[in-house]
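Provide a 3D model corresponding to the input given below.
(4 chains)
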2 protein chains.
Amino acid sequence: MSREMEEVRDHFIQGISRITHFWGFPKAMGALYGAIYLSPEPLSLDEMVSLVGVSKGAVSTNIRNLERLGVVHKKIKVGDRKDYYIAETDFWKIVKGVLREREKNEFDLALRSVGESLDMVKEIETAGTVSEETLFYQQRITELKSFFDSLDNLVATLIALDDLRSGVIKNIFKKQK
Amino acid sequence: MSREMEEVRDHFIQGISRITHFWGFPKAMGALYGAIYLSPEPLSLDEMVSLVGVSKGAVSTNIRNLERLGVVHKKIKVGDRKDYYIAETDFWKIVKGVLREREKNEFDLALRSVGESLDMVKEIETAGTVSEETLFYQQRITELKSFFDSLDNLVATLIALDDLRSGVIKNIFKKQK
DNA sequence: TAGAACGTTTAGTTTGAACTAAACAAAGTA
DNA sequence: TACTTTGTTTAGTTCAAACTAAACGTTCTA
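Okay, the predicted model is just below:
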């Protein structure tokens, strides 16, 4: 590969790297995706090490996370013990995968936490102590909880759509344009 | 305030804290919003210090960012040199504010970075070197760029909507339910 | 003018996530 | 069996972001 092409590749990888980091993922994760995305052939772990310039361990853990999110796919060759990876090129699908993961993990927990707070207030009230203060708390927490519920449903809906691209999102986009 | 109510408040604050941290903001930022959101009265800087338990400096910088995002609002009282803050309670508006900020800052930069990569490939090609490799690069990078453009437009559209709540998002939500 | 009451800024510290190096496990091959 | 080739795990390190403590600037009051 020519020096110019390598420059393009590195510039691109660095760009993707920054984006993923901005959205709260390790920089190496984005770099890996970038490298795989720009490779016509499936990449092995060692190839990624030399392309991205991080350690074997880092590639191993990051590539596993990428696959869990559905951002890359393992591609095994017969008679070859190496694992090869190719990039998912349907970006809306990738978005869905990421949303699904975030939904499952922490969002849920947040929702529960707010729900618990609400339960605590209600318990205080049923114990007899109803004041302006408890009512205010209950109202505010209820409002936030209902917002989270809406968000939760919205994300669940998006995830459930068969094809996000030709689905709702694109329609909004078109209409508004 | 009763001990039980303080427990509720702290539990709630901790929950909000976790959410904001998960989405890439400082934990103290969420804690501050939680404290203000649960206060019937506007809060001063010193009150926030004692409620949230971080230093004055941290409150100062975090509250400024919250205000910049439109998540809280400054409320000055006449004949009182303190700054007081109240919470924005329209959560969709908050989402818009955050999206607007992210849009402005880093997303733009990401878009530009990918665009630059594309320009670089094209330049190589106009210099005479057209190969399977350059074509592959061009195709891949173009596809990603077009995705980013769509996203960019989508977010811009959402931001531009007067009232997100009664707007598109809610419609999607209703339809799908 | 001095001093108090604010919010801001800065220099230094803390913290936790992500990384490296290296040991390890598994599975094939001579 | 011993050795190679692969991916994984672990113990320790690095580094950037967020924090603290304290100095600072400003504005009001006596």
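
contacts and neighbour counts: CA atoms only from here.
OK.

quick one: classify the residue of chain A positioned farthest from its centre as helix, strand or coil.
The C-alpha centroid of chain A is most remote from A:Gly128, which lies 44.6 Å away (CA atoms, centre = their mean). Following DSSP: H, G, I helix; E, B strand; the rest coil, we place A:Gly128 in the coil state.

again with A:His11
Classification of A:His11 by three-state DSSP places it in helix.

A:Phe25: what secondary structure?
Put simply, A:Phe25 is coil when judged by three-state DSSP.

element containing A:Tyr84?
Using DSSP states H and E, A:Tyr84 maps to strand A:83-87.

is that strand positioned near chain B?
No. Applying CA under 8 Å from any CA of the partner chain, one finds strand A:83-87 separated from chain B by no less than 10.9 Å.

one step back: so who does the residue farthest from the centre of chain A touch?
Neighbour list for A:Gly128: empty [criterion: CA atoms under 8 Å, 6 or more residues apart in numbering or on different chains].

so what's the backbone phi/psi at it?
A:Gly128 adopts backbone torsions of phi 110, psi -20, taken as degrees, to the nearest 10.

which neighbours does the strand holding A:Tyr84 have in its sheet, and in what orientation?
Strand A:83-87 has the following sheet partners, assigned by DSSP bridges: strand A:43-44 (antiparallel), strand A:72-76 (antiparallel).

close to DNA strand C: what parts of chain A are there?
Neighbours of DNA strand C within chain A, by CA under 7 Å from any atom of the strand: A:24-29, A:53-58, A:62, A:79, A:81.

taking those, tell me the two that lie furthest apart.
Across the residues of chain A next to DNA strand C, the longest distance by CA to CA is 37.9 Å; it joins A:Gly24 and A:Gly79.

more neighbours, these two?
Per other CA atoms under 10 Å in any protein chain shown, whichever of A:Gly24 and A:Gly79 has more neighbours is A:Gly24, with 14 against 6.

what sits against the closest residue to A:Ser55 other than its chain neighbours?
Take A:Ser55 and drop its neighbours on the chain: the residue closest to it by CA to CA, 6 or more residues apart in numbering or on different chains is A:Val49, 6.2 Å away. Contacts for A:Val49 were tallied using CA under 8 Å, 6+ apart; they are A:55-56, A:59.

dump those residues into JSON lines; add secondary structure, pLDDT and neighbour count as well.
Shown next, in JSON lines, are the contacts of A:Val49 (DSSP: H, G, I helix; E, B strand; the rest coil; pLDDT from 0 to 100; neighbours: other CA atoms under 10 Å in any protein chain shown):
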{"residue": "A:Ser55", "secondary structure": "coil", "pLDDT": "97", "neighbour count": "12"}
{"residue": "A:Lys56", "secondary structure": "helix", "pLDDT": "97", "neighbour count": "14"}
{"residue": "A:Val59", "secondary structure": "helix", "pLDDT": "98", "neighbour count": "21"}
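
what's the distance between A:Glu116 and DNA strand D?
To DNA strand D, A:Glu116 is 23 Å away according to CA to the nearest atom of the strand, to the nearest Å.

just for chain A, where's the confidence low?
Scanning chain A for pLDDT under 70 picks out A:162-177.

and the helices in it?
A:3-22, A:27-37, A:45-52, A:56-68, A:91-102, A:108-126, A:132-160, A:168-176 (DSSP state H).

those: which one's closest to B:Ile16?
Between the helices of chain A, helix A:108-126 lies closest to B:Ile16; by CA to CA that is 7.3 Å.

list of residues touching the closest one?
Residues from elsewhere that reach helix A:108-126, judged by CA under 8 Å, 6+ apart: A:130, A:134, A:137-138, A:141-142, A:144-145, A:148-149, B:4-5, B:8-9, B:11-12, B:15-16, B:18-19.

pick out the residue closest to the middle of chain A.
When CA atoms, centre = their mean is applied to chain A, the residue found nearest the centroid is A:Val98 (2.5 Å).

that one against A:Leu69, yeah?
Yes. Counting by CA atoms under 8 Å, A:Val98 touches A:Leu69, with 6.0 Å between them.

got a PyMOL select line for the buried ones in the residues of chain A next to DNA strand C?
The following PyMOL line selects those of those that are buried, judged by 16 or more other CA atoms under 10 Å in any protein chain shown:
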select buried, chain A and resi 27+28+29+62
